[in-house]
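Asks: Quick one: sequence plus predicted model below, questions after.
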Amino acid sequence: MIINHPLLGPRDSEEFVYLGAADLINRPNNWEQDASAEDFYQYQYIRENIAGDHRELWYHEQGDQSWLVVTRNTLSHEIINVELAQDVSRGIGRGK
Amino acid sequence: MSKTRYSGFKVLKEALTGHKGWKPTWRDAEPKAGGYDVVIVGGGGHGLATAFYLAKNHGITNVAVVEKGWIGGGNVGRNTTIIRSNYLLPGNEPFYEFSMKLWENLEQDLNYNAMVSQRGIMNLIHSDAQRDAFIRRGNGMLFADAGCEFIEAKEVKERYPFLDMDNPRFPIKAALAQPRGGTVRHDAVAWGYARGASDLGVDIIQNCEVTGFNIENGKCLGVQTTKGEIKAGRVGVCVAGSSGRVMAKAGIKLPIESHVLQAFVTEGLKPVMDNVITFGAGHFYCSQSDKGGLVFGGDIDGYNTYAQRGNLPVVEDVCSGGMAIMPMIGRARLLRMWGGVMDMSMDGSPFIDSTEIDELFFNGGWCYGGFKATPASGYCYAHLLATNSPHEVATAYKLDRFRRGAMIDEKGVGAQPNLH
Ligand SMILES: Cc1cc2nc3c(=O)[nH]c(=O)nc-3n(C[C@H](O)[C@H](O)[C@H](O)COP(=O)(O)OP(=O)(O)OC[C@H]3O[C@@H](n4cnc5c(N)ncnc54)[C@H](O)[C@@H]3O)c2cc1C
C-alpha cells in the first residue's frame, strides 16, 4: 500500500506503524469523574471495526515521525485520503 | 441421507466395485418455512461443531447452519492446522486441554478421518527470560494435565540438525514441547462435523448470507438472509473474521478488530520435520504436511482489514523469520500463499457468551488460534445455547470482561488487537 504523505509525497506503508482507528484521538477528558470509567472502557476496548472506509492512525516511524489520519477502505485496501493527525486534532478543538 | 459408515472394509468394497456406492457426505438443505429452534450463523469449523454437539449432546436437532459461501471456505480451511493446549492462564488452559481431549477422540466420534496427528509441537527458547517464562507455562500445562517436556539444546540439535542453533540474535538454548500437540487436516474437520450434524438432522444451508436480524422488544426472533427470512427460537452467531460486520447488524459493537493473517506452503519435500516447530521470538511457525510441503506462517499484516489477502511486506517478514531459524527453507520454492480474516480480540482470548439482545448469542474473538479450539468451542457454545449457562471450562469467555477488568491476557501486555 502506498500512503500519499501530505508533506513527503507517496511513501511505502512499510515505513509506517499502524495504531488503529482515528477515534483513538478522542481520549476522554473527564478522567476526574466517576463516569469516566465507562468512557475509558469504550475508548480502550470497543471498536467500530468498519467494513468499508475506515479512518485510522499511521505513524511515520521510518520517516518524519508524523502521525497521519489515513482513510482507507478495509475491503479493497484503497487509500482515499491522507491528513496530518495534527490538523485533524486541531480541527476538532484538541491539541495546540 | 448418507449415514454410510466409513471403514477399511467399505474402502475395499468400493475399490472392488468401481467406487459407485459413495454418497454425498452431507445433505445440502434449503431453509425450512417453519424456522428452527436454533439458527447458527456461519458454517466454519466452530458453527458446524456447535450444530453437531447441539444435536448429539442435547438432542436439539431442529437446527440450521447458515453459511454465506460454502462450508469450509473461511478460516477453517485457511489455517496452518496447528493444535496444542499449551496455554498458561486458568481462564484458558482448561478450555484448550478440553479441546485437545476432544481432538483425541474426534475421528471415532465422527467416524471420519480428520488426520489428527499428535506429532508434537516444540517452542524454541533463546534467552534466560524466555526459559523462565516457558517453565512457568509448562507448570501451568502440568496443572491442567496437558503434559509437556523440557528439551535441552543438545537434543533439539540432534532431532532437527537443520536449525540454526548459533544464530547470533536468536541462539537456540532449549525448547518446551507438548508431545500431544500436532496438526489436523483442517478441511476434514469442517466436512466431518458437517456430516455428523447432517446425519443427526441439522440443515446445512450454503450460499445464504445473513443480512440482518429480526429484533423486536430486545428479543431476536430470527435472521434475514439472501434466501429470505428464517425464524429462529435462538440465534448463535459464529462468523470469526466477520464478527464486527455481522454483529453491527444487531447494533452491537465488540472489543474486536478484523485483521488478515497470511499462510504459506512450499513445494513438496522429502520428510524433514516430524513435529511442529515454533519460533515465537521471530514469530514463525512451521510443520510439514503429509504431501511434503512445509506449511508456515507468521504475524498478522497489522492493519484493520476484511480483505482475504495480505500485502508483500509481511511475506518478506515471515520468510526472513524462517530463514533466521531454519536457513534450509530458502532452498524450497513457495507453492501457494493465502490470507484469512481474523477476529482479533483485545486480549487475545475468545468470547462464548449471550448478548444484550435476548436469544442472540455470540461466539468469536478467536484471533489466529481458533482452529485448535474448534471441538471445545462447538461443545461449549452448544452447551450455552441449549442450557443458557456457560460450560464449566468456558466461564471466563464473557463479553463484559474488559468492563470488569477481568481480561485474559496470556502475554501480560495489555489491550492490543494483535495477540493470540
Ligand atoms: C492463515 C491462518 C492461519 C491460522 N493458523 C491457525 C493454527 O495453526 N492453529 C489454530 O488453532 N488456529 C489457526 N488459525 C485460526 C483459525 O483458523 C480460526 O480462529 C478459526 O478457524 C475460526 O473459526 P471458524 O472455523 O468457525 O471460522 P470460519 O471458517 O472463518 O467460519 C466463519 C464462517 O462464517 C461465514 N459468514 C461470515 N459472514 C456471514 C454472514 N453474514 N452470513 C452467513 N455466514 C457468514 C463465513 O463465510 C465463514 O465460512 C489460523 C487462521 C488463519 C487465517
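Replies: Great, that's in hand.
Asks: which residues in chain A form strands?
Replies: For chain A, the strands defined by DSSP state E cover A:2-5, A:9-12, A:17-21, A:53-59, A:67-73, A:79-84.
Asks: distance of residue B:26 from the ligand?
Replies: 15 Å (C-beta to the nearest ligand atom, to the nearest Å). Using the backbone N, CA and C atoms, a C-beta is placed for each residue, glycine as well.
Asks: Quick check: that residue vs residue B:366, distance?
Replies: 23 Å (C-beta to C-beta, to the nearest Å).
Asks: and if you look at residue B:314?
Replies: For residue B:314 relative to residue B:366 (C-beta to C-beta), the value is 20 Å.
Asks: Repeat that for residue B:402.
Replies: 17 Å.
Asks: How about residue A:95?
Replies: From residue A:95 to residue B:366 the distance is 38 Å (C-beta to C-beta).
Asks: Pick out whichever of those two has more residues nearby.
Replies: Per other C-beta atoms under 10 Å in any protein chain shown, whichever of residue A:95 and residue B:366 has more neighbours is residue B:366, with 30 against 12.
Asks: Now the most centrally placed residue in chain B: closest residue in space that isn't a chain neighbour?
Replies: For chain B, the residue nearest the mean C-alpha position is residue B:371 (1.4 Å; C-alpha atoms, centre = their mean). Using C-beta to C-beta, 6 or more residues apart in numbering or on different chains and skipping the chain neighbours, the partner closest in space to residue B:371 is residue B:79 (4.3 Å).
Asks: tell me which parts of the stretch 201-350 of chain B are close to chain A?
Replies: Within the stretch 201-350 of chain B, the positions near chain A by C-beta under 8 Å from any C-beta of the partner chain are B:243-245, B:248, B:253-258, B:302-307, B:311, B:313, B:346.
Asks: Got a ChimeraX select line for the buried ones in those residues?
Replies: In ChimeraX syntax, the buried subset of these is picked out as below (16 or more other C-beta atoms under 10 Å in any protein chain shown):
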select /B:243,244,245,254,255,256,257,258,302,303,304,305,306,307,311,346
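Asks: Take the residues of the stretch 201-350 of chain B next to chain A and keep only those in strands.
Replies: Those of those lying in strands (DSSP E): B:256, B:257, B:258, B:302, B:303, B:304.
Asks: Now pLDDT and distance to residue B:141 too, for those, in JSON lines please.
Replies: Below are those laid out as JSON lines (pLDDT from 0 to 100; distance: C-beta to C-beta, whole Å):
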{"residue": "B:256", "pLDDT": "96", "distance to residue B:141": "27"}
{"residue": "B:257", "pLDDT": "96", "distance to residue B:141": "29"}
{"residue": "B:258", "pLDDT": "97", "distance to residue B:141": "30"}
{"residue": "B:302", "pLDDT": "93", "distance to residue B:141": "29"}
{"residue": "B:303", "pLDDT": "96", "distance to residue B:141": "34"}
{"residue": "B:304", "pLDDT": "96", "distance to residue B:141": "33"}
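Asks: how about those residues in JSON lines, adding distance to the ligand?
Replies: Formatted as JSON lines, these follow (distance: C-beta to the nearest ligand atom, whole Å):
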{"residue": "B:256", "distance to the ligand": "12"}
{"residue": "B:257", "distance to the ligand": "14"}
{"residue": "B:258", "distance to the ligand": "11"}
{"residue": "B:302", "distance to the ligand": "14"}
{"residue": "B:303", "distance to the ligand": "15"}
{"residue": "B:304", "distance to the ligand": "15"}
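Asks: Tell me the one of those nearest residue A:5?
Replies: Ranked by distance to residue A:5 (C-beta to C-beta), those are led by residue B:303 at 16.2 Å.
Asks: so the closest one touches residue A:56, yeah?
Replies: Yes. With contact defined as C-beta atoms under 8 Å, residue B:303 counts as touching residue A:56 (7.1 Å).
Asks: any residues in contact with both of those two?
Replies: Residues touching both residue B:303 and residue A:56 (C-beta atoms under 8 Å, 6 or more residues apart in numbering or on different chains): A:18, A:72.
Asks: Grab the longest helix from the chain for me.
Replies: In the absence of a named chain, chain A is used. helix A:36-45 (DSSP state H).
Asks: I was after chain B.
Replies: Chain B, longest helix under DSSP H: helix B:93-110.
Asks: Partner strands of whichever helix or strand comes after that one, with direction?
Replies: Next helix or strand after helix B:93-110 toward the C-terminus (DSSP states H and E): strand B:121-125. The pairing partners recorded for strand B:121-125 under DSSP bridges are strand B:174-178 (antiparallel), strand B:276-279 (parallel).
Asks: Could you say which one of these comes nearest to the ligand?
Replies: strand B:276-279 (8.4 Å; C-beta to the nearest ligand atom).
Asks: Would the closest one count as contacting the ligand?
Replies: No. Using C-beta under 6 Å from any ligand atom, strand B:276-279 never reaches the ligand; the gap is at least 8.4 Å.
Asks: which residues are contacting that strand?
Replies: If you take C-beta under 8 Å, 6+ apart as the criterion, strand B:276-279 is touched by B:82, B:84, B:119-124, B:160, B:163, B:170, B:181-183, B:284-287, B:321, B:324-326.
Asks: Tell me the helix or strand right after it.
Replies: Counting by DSSP H and E, the next helix or strand C-terminal to strand B:276-279 is strand B:284-288.
Asks: Is that next one positioned near the ligand?
Replies: No. Applying C-beta under 6 Å from any ligand atom, one finds strand B:284-288 separated from the ligand by no less than 7.0 Å.
Asks: Against which helices or strands is that strand packed?
Replies: Counting contacts by 3 or more C-beta pairs under 8 Å, 6 or more residues apart in numbering or on different chains; DSSP states H and E, strand B:284-288 packs against strand B:276-279, strand B:293-304, helix B:312-325.
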